[in-house]
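> Sequence below, structure please.
(3 chains)
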Amino acid sequence: MTDSTNFKKIWCMVKKIPSGRVSTYGEIARMSGLPRRARLVGTALRAAPAEFDLPWHRVINAQGKISFAIDSERFKQQKALLQEEGVVFRAGVIKLEDFAWKESCDELLWRV
DNA sequence: GCGCTGACCGCCA
DNA sequence: CTGGCGGCCAGCG
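Residues are numbered from 1 along each chain as shown, chains lettered A, B, ... in the order given. Sure thing, here's the model as predicted:
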């Protein structure tokens, strides 16, 4: 359980966030069976190879804000991607709404 | 092995 | 609203 299994679970959950919606680090952690490990989600996204094409931009923090410095490239990129999907910012904040994925990560998990 | 650094979070002042 | 604190713990010197 110390290998990259956790990363895979996290990547799998992130991949399921629908376009135009967002989720939080903490939420992804919980849904991946890793409660209280929001930081690990950030670590996993940072380590994720670009080829995975994960919708990493759909993951924001629990305050509805992007977790990058306001003037960083990453910040601008994430904001742009979200706006392309129709995500609305009000004073730099995204309104968090509850929603649930229907799919699980079983298919990917047995591969791990 | 050890200390430091986070793409975090909830709680309280 | 902002700020601090403790909890969390994998990665990287």
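> Need the residue closest to the centroid of chain A.
In chain A, the residue lying closest to the centroid (Cα atoms, centre = their mean) is A:Val59, at 3.1 Å.
> For it, list each beta-bridge partner.
A:Ser23 (DSSP bridges).
> residue ranges with poor pLDDT in chain A?
Counting by pLDDT under 70, chain A contains low-confidence residues at A:1-2, A:102, A:106-112.
> who does the strand or helix carrying A:Phe75 touch, helix- and strand-wise?
A:Phe75 is located in helix A:73-84, with elements delineated by DSSP states H and E. Here helix A:73-84 touches strand A:89-90, going by 3 or more Cβ pairs under 8 Å, 6 or more residues apart in numbering; DSSP states H and E. Bear in mind the C-beta positions are built from the backbone N, C-alpha and C, glycine included.
> Quick check: A:Ser67 is in a helix.
No. Secondary structure of A:Ser67 (DSSP: H, G, I helix; E, B strand; the rest coil): coil, not part of a helix.
> so what's it closest to, chain neighbours aside?
Nearest-residue entry for A:Ser67: A:Asn61, 4.7 Å, with adjacent residues in sequence omitted and distances by Cβ to Cβ, 6 or more residues apart in numbering.
> That neighbour against A:Tyr25, yeah?
Yes. Here A:Asn61 lies in contact with A:Tyr25, judged by Cβ atoms under 8 Å, at a distance of 6.1 Å.
> how near is A:Ala47 to A:Leu54?
According to Cβ to Cβ, to the nearest Å, A:Ala47 stands 11 Å off from A:Leu54.
> Between these two, which is the more surrounded one?
A count of neighbours by other Cβ atoms under 10 Å puts A:Leu54 above the other of A:Ala47 and A:Leu54, at 19 against 11.
> where does that one land in three-state SS?
coil.
> sorry, back to before: which residues touch the residue nearest to the centre of chain A?
Taking Cβ atoms under 8 Å, 6 or more residues apart in numbering, we find A:Val59 in contact with A:Val14, A:Ile17, A:Val22, A:Ser23, A:Thr24, A:Tyr25, A:Ile28, A:Val41, A:Leu45.
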